[in-house]
Structure formats: structure tokens, C-alpha cells
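A.B. asks: structural data only, the sequence is not supplied:
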């Protein structure tokens, strides 16, 4: 019963993969969408899971529910172990699937830059499981601290280091500060919250490097007002789970290190037989094809695409715009039309540091403070998958805003 | 800095423990509330977590958030390993705490009646982790079935056995049926849902034994209408994870057995040096004290209390009413007043089998069908901890009711 329609395999159900699947489902093709998880993850709000504001189903959405009306898309949960470009075959667990066209959208993963001790003992913030583990860990440290009588051990339990001054690091540090000082401080009556220490460590001399200078300054000021120590030009070299070593020899006793200092291409992308950059990202041509294999496209975080002499950032808008171009180009190949070149239209960037505080940079618009925060809220609510998510997330945000309460403070595994 | 106020330790932050702590916080005492989790769990809706309607924070609530306004209550997360009644000491992890009064409310746990192979391979439904594991397991079996080509293996993946015809078993089977036939059937286009089998197995000749006969009949009829095979007078003897053996020798190939066939007292209750019944429950006197230790009270699922010649059921209303009596009696001991005897006021029982379908028995009121279902909804919404929970749970129920969708279908661990 082999169908004659062209078969397109899409690897990855992130922003890019889902978008491409939906676009291509309008053509007369069969699509197999593969992901190792059964859900699409809204990564930009992952830090709100780790800091107990949102629960997993607020930011993760079943892939099958997203595509249930597109019957030409078959979903397959599984891990792709290998792709054979010459044989046009994808190896998934113990099966093989052959394709006519392939879109690689496997996404990114945390880059520890070869620092093994840090990889072993710190928390990344790229997957749902990592976020839940971090939530459990932070809450558990407070429980332990609440009856720890040794002051040095108690301080180590109450010291939280966030490494990386990009949006993920800044937003995580801000959310952690509000969790601790606005929510938990009301409940741990036996603890002295002056013993709590949150440190944001950044190797370069800037936080939010993509932002204009005035917004970077505003960000640092807001972080400091939230009792976060900002340490610029500081590199981290080792962490054994108890003591964090900085370059130069300074040692900070801490039981919690959150690593938001780098992203690289997923391991699948890095092991494909094609050209890569130093972060393992696939180098594509102007049509987003892999050179030598015109039927293979690559999009999103796993791709290195130069524009204005530098690679595009690993963010959702790039993945979505690339998905549009890649799916148009596959449709063009099917119809023997000319291919489109990809150009990224910059949509700007934004980050929130906490209640009433965000920075927004869009073209000439540069905002910080309350209005930036309201824009941040709206943009993030609107980008959630459906009305039910938006409604529940709104409810939780309003609740937190009014009552300074975070109700996902549940330790589910230890 | 030892305070002179009497110190009351309460072990367990379930319905009984929380109630007792709040009542006693009005007296001039110090209270330490201990639980191995940092949350209070609304167990009656646990099956809605395992069947992907609700997420964990809808039914679990941080204990510290519940008692933040009662500063005389100190919360301590930890596992009580031993209680020394003679020395009035509770051993928790590596610490010891001494008490003037003690309330034991450690709750219940799944009773596998010594069937080791079943304990090892089936799912209980008493803890949050169990419910999340079961959700992951059910969803994962469907993913595997969706590309399993061997029909026998596929049927085993799609066969779900619920053991136990009490409220937990009946509600779980009903919710599972709706998850499969109303939600997943729309999405797994390659599966034939006639291959799905849900079996409810009960050792006695009745489901919902506490209900009057007409409601038991109505329940069975509703279960059958939901494509659930109801097997009465059938005992289960062994399960190796692949094949379930029934007494008499029948074998059902299945990868999923949900065990809702029995509850016993928690292991802490069972190991205390006092009198127990066959389910490990503590035998108390008419004032809920442990004989010989008038300063020690026991309440809830871990207690055996005879009334009308049979032990009270292990349900929340019993625990709550016992908490009221135990805390009053401690206040009376402090004031040298006479103790109150405990009498349970029956509040009736209810169970839902799915949308528009429930049975309710309260005194002379016996209802089944839509009105019973509405009563069930109201009672459960009102019993949730606070307004935010109620609001979000309502939203999710309305969503599911209108759109036949369950959005917590997330496989988070495998």
C-alpha cells in the first residue's frame, strides 16, 4: 500500500519543525514529524517552570494535539540516531524511514565548552526535565537550610549562582530573586534572608550583549535592585557540586549553579556528515540546503547562517522564518520553480527582570521599565499555543502579581 | 532560648494533619508539622493527574503556603523514622525532636496484600510521583503501539487493567476510557481503537460496595457503556510486567496494571510500638488516644476506629472529623477539661464515571446521572485549597468538556 505522494521527514517539533510541518501539510505530500519528546516546548518561559510560577503543561503542548487536523502529518516519537544522506534514510530507534525531502530542525542544547565538572554538577535550562529538576533542587535547598545549624553550610545552601548574562541568565536570576525575596521570605520564619546570595556571573563585560548600551545599563541597575550581585568579566573554571572555582582562584561555596552561558547545536546535528561551525551547527547555503544534497534543508538553532557577516542568533523568530523559507523551497522543488534565498527580518529582542521591569529593543524602539514589561507580557502570552494555555498562564501571572505567591513550589523528586 | 509553651508535633500534612495544625494554632502552643513532602495532596483527584486532565499543582499545594499566616506552626520536611512514646521523642532523618503532645496522621499507602510480583510491576495511585509515572507510562504505550507492527504485541500495549472496584478503581477506569476513546482516538490515525481493551477487575461481587444496590447497578451499566469490561468475582494472583495471571489460570497479556484494590496504614504507623489491626492501622480509644499514652493521638487513614461494629472507611471526612476531636482533646488536656468521645457523622459517598455520569449517596439521597455529576463537580471544586486552584481546575474541566481535549498529555520521563 505504498503511497505515491512525496514523503517529507521533519526532524524536531520545535518552533521551526512545527511551522514547517503545518506549512507543508497544505501541499499534496506525506509528512512524518519526528521528535524525541511527545510535546512542543515553549522554551522562552522554561525559567518560569524552574522558579515555580508555571507548570509544565503551561509551556509544553502535545504535538499530536497541535496537528490533529492535519491528517497528512504522521507524528513519530523517537530518537533519530543517524541520517544517511546518500541513501535518503533516517534511522530512528530500531527502524529506518526513507524520505524524498528532509528538514533538519533538531534544535540546540546547552554548551558547557568542555568544562566537564560543570556539566556534571550544574543545571542547564534547555529541557523540561532540567527545569523541573532545578525547581526541585532550589526548593529542597531551602528546606535543608531551614534547619541547618552550621552557618557555613547554611550559607552554601542559600547561595545561588547563575552563569551567563544573556536573556536566559538575566531572566532566571530575576525570577529566582523574586521567588526568594518576595515569596519564600514570608514563610521561612526561622531563616535570615540576609544569608541568601544570588550571583550573576558573565565572562564578557556586558549583560544582554545584543541590546543597546542604555538598556544594558538599565538591566544591571534593575538586577542590583533585586539583590543580585552582577559579576562581569568573570570566568568560571570548575565546580564540584560544593565549591565553584572562578578564573583567578576565587572560590564560592554553593550547592546551586545554573548554567546559561552557552548553546550549541544538538548532538544529532553535530554528528551529521556535512560541514559544521565550532558550535556543531550545520552550515547551509542561501536556500537553507545542505550543499550536495538539495533535498535536505536545515533550520533553527542547529543551523549556522551568516547575515551581515555574523551568524544569526539561536532564537525562535529565526527558526520560524527559516521554516517558512524551507517549506516554500520544498514546494518549489516539487513544482520545478526557482528557490528563494533566505533573509532574516530582525524582530528585536526583549528580556524581563521581574515585576514591572523589562527591557525591549525593536528597531528604533528602546524601552525599559513598566511599559517594556507590559509589552513583554503581551508578546509572550500571544505566542503560547492556544487559548487555554494563554488563559491559565494569565491567571497564574495575575495571581502572582497580586498575591506574591508561586504555587508550583512542589518538590516532586529528590 | 527554649520556649515554655507546650510543644505539639503533628506527623503528616494530609487532610487530618493540616486541619489539626490549624485548629491548634489558635491555642497558646508551639506546633511542628512534619511531612515527607513539602505539599498537601488532594488525593481524591489524583487519578485526573494520571489520566492527563490536571497537572500536579492543581491538586498539590505547598504546605508552607497553607500555614504562612499561622506563625506558631513550624513546618519541617523530612521522613519520621521512629517514635519513642516513653521518651516523647520523634526521630526525623538525623535529628530528634521532643514533644509534649503528638498527633499521628501519617496516612495510608497501597496494600498489595503480599503479592510481590504485582507490587513490583503495577502502578499504585496514592502519591503524586505514582500518578505522574502512570501518566507517562500510558502515553508512552500508545506511542509505541502507533508503530508496532506485530498485532499481539500491539494488543498487549493497548490493554489496560484496573484492579479494584472501589471509587479509585471506578473513577480511574472511567477517566482512562474517556482519555482513550474521546481524546486519543482523534489523533492516532494509524491505530485501530477496536484493539484497545480496558478491564476493571474486582475480587468481590460488587463495585462501589458502600453504595446502595441501584447505584451499583447504574455504575456497572455506565462502565460498560464506556467500553470497559467489568469482571466481578475475579482475583489477580501474579503479574510479571507482561502477563497478568488471574486465579483459575486465565492469562491476560498487558503492559499496564493499575492497582486500586486496597489501602493499608503507612509503614510508619505499622512499625509503632502499639496495637494494630491486620492492615497495620493503629487501634485508638474512644478519645483517639493510644492506650497508655494519653498525650498521643492518632487520626485518619492510619487509624482503626470501630463504629457500629465495623472500622471507619479510609476517607478524608473521617480524617477531618477526627482532627477536630483530637485537637479539641489536646486543648482540653491543656486546660484540665474532660475529653470528648469521637463519633463519625457520615457525609455519604460519591464517584464519577466520566462526563455527565456519577453516582451520589448521601443519607436518603440516591442519585445517578447528570445531576449526580454536577454535585460531584461542585463538591470537588469547593474542597480544593484556594481560589486559584479552583479557578484553574474549573477552566481545565470546562475545556475538556467542550473540546474533548486533555493537555497534560506530556511524557516527561521514560
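C.D. replies: That came in fine, so what should we check first? For clarity, every value in this text was computed on a predicted model and none was experimentally measured.
A.B. asks: shaky segments in chain A?
C.D. replies: Residue ranges of chain A with pLDDT under 70: A:1-3, A:414.
A.B. asks: which residues touch residue A:178?
C.D. replies: By CB atoms under 8 Å, 6 or more residues apart in numbering or on different chains, residue A:178 lies in contact with A:51, A:226, A:354, A:355. Yep, even glycine has a C-beta here, placed from its N, CA and C like the rest.
A.B. asks: correct me if wrong, but it is in a helix.
C.D. replies: Yes - Residue A:178 sits within a helix when classified using DSSP: H, G, I helix; E, B strand; the rest coil.
A.B. asks: all helices of chain A, in order?
C.D. replies: Remark: helices assigned in chain A by DSSP state H are A:15-24, A:46-50, A:56-59, A:63-66, A:116-121, A:128-146, A:151-157, A:167-178, A:213-225, A:267-271, A:316-334, A:370-383, A:387-403.
A.B. asks: so is the last one next to chain B?
C.D. replies: Yes - on the criterion CB under 8 Å from any CB of the partner chain, helix A:387-403 is in touch with chain B at A:388, A:389, A:391, A:392, A:395, A:396, A:399.
A.B. asks: looking at the contacts of residue A:178, which are in strands?
C.D. replies: residue A:354 (DSSP state E).
A.B. asks: closest one of the contacts of residue A:178 to chain B?
C.D. replies: Among the contacts of residue A:178, residue A:51 lies closest to chain B (CB to the nearest CB), at 13.2 Å.
A.B. asks: how many other residues sit next to that closest one?
C.D. replies: By the criterion of other CB atoms under 10 Å in any protein chain shown, residue A:51 has 27 neighbours.
A.B. asks: just give the nearest non-adjacent residue to it, would you?
C.D. replies: residue A:175 (4.0 Å; CB to CB, 6 or more residues apart in numbering or on different chains).
A.B. asks: my guess is that neighbour contacts residue A:48, does it?
C.D. replies: Yes - if you go by CB atoms under 8 Å, residue A:175 and residue A:48 touch, sitting 6.4 Å apart.
A.B. asks: residue A:60 touches residue A:45, doesn't it?
C.D. replies: No - Residue A:60 is beyond contact range of residue A:45, at 10.1 Å (criterion: CB under 8 Å).
A.B. asks: any chance of the residues of helix A:387-403 next to chain B in TSV, with neighbour count and distance to residue A:138 too?
C.D. replies: Listed next are the residues of helix A:387-403 next to chain B as TSV, based on neighbours: other CB atoms under 10 Å in any protein chain shown; distance: CB to CB, whole Å:
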residue	neighbour count	distance to residue A:138
A:388	21	28
A:389	20	24
A:391	17	27
A:392	23	23
A:395	15	23
A:396	23	18
A:399	19	20
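A.B. asks: between residue A:60 and residue A:45, who's got more neighbours?
C.D. replies: Higher neighbour count among residue A:60 and residue A:45: residue A:60, with 28 against 19, using other CB under 10 Å.
A.B. asks: who's in contact with the more buried one?
C.D. replies: Residues in contact with residue A:60 (CB under 8 Å, 6+ apart) are A:37, A:39, A:40, A:41, A:42, A:128, B:410.
A.B. asks: which one of those residues is nearest residue A:347?
C.D. replies: Within those, the smallest distance to residue A:347 is 16.4 Å, found for residue A:42 (CB to CB).
A.B. asks: tally of neighbours for the nearest residue to the closest one once chain neighbours are set aside?
C.D. replies: Using CB to CB, 6+ apart and skipping residues adjacent in sequence, the residue nearest residue A:42 is residue A:59, 4.2 Å away. Using other CB under 10 Å, residue A:59 has 24 other residues around it.
A.B. asks: just to check, residue A:59 is in contact with residue A:46?
C.D. replies: Yes - at 6.7 Å, residue A:59 counts as touching residue A:46 under the criterion of CB under 8 Å.
A.B. asks: give me the common contacts of those two.
C.D. replies: Here residue A:59 and residue A:46 share the contacting residues residue A:128, scored by CB under 8 Å, 6+ apart.
A.B. asks: any idea how far the residue sitting nearest the centre point of chain A is from residue A:162?
C.D. replies: Centroid check for chain A by CA atoms, centre = their mean gives residue A:43 as the closest residue, at 4.1 Å. With distances taken as CB to CB, to the nearest Å, residue A:43 is found 17 Å from residue A:162.
A.B. asks: thinking again about what came up before, most neighbours among the contacts of residue A:60, which one is it?
C.D. replies: residue A:39 (26 neighbours).
A.B. asks: does that residue have beta-bridge partners, and which?
C.D. replies: residue A:62 (DSSP bridges).
A.B. asks: list the contacts of it.
C.D. replies: Applying CB under 8 Å, 6+ apart, the residues contacting residue A:39 are A:13, A:60, A:61, A:62, A:63, A:128, B:409, B:410, B:411.
A.B. asks: same thing with residue A:52?
C.D. replies: Shown in contact with residue A:52 (CB under 8 Å, 6+ apart): A:135, A:138, A:139, A:179, A:183, A:406, A:407, A:408, A:409, A:410.
A.B. asks: show me what contacts the fifth one?
C.D. replies: If a contact means CB under 8 Å, 6+ apart, then residue A:183 has A:52, A:404, A:405, A:406, A:409 as its contacts.
A.B. asks: number of nearby residues for the nearest residue to the second one once chain neighbours are set aside?
C.D. replies: Residue nearest to residue A:404 in three dimensions, not counting chain neighbours: residue A:182, with 4.8 Å by CB to CB, 6+ apart. Neighbourhood size, residue A:182 [other CB under 10 Å]: 16.
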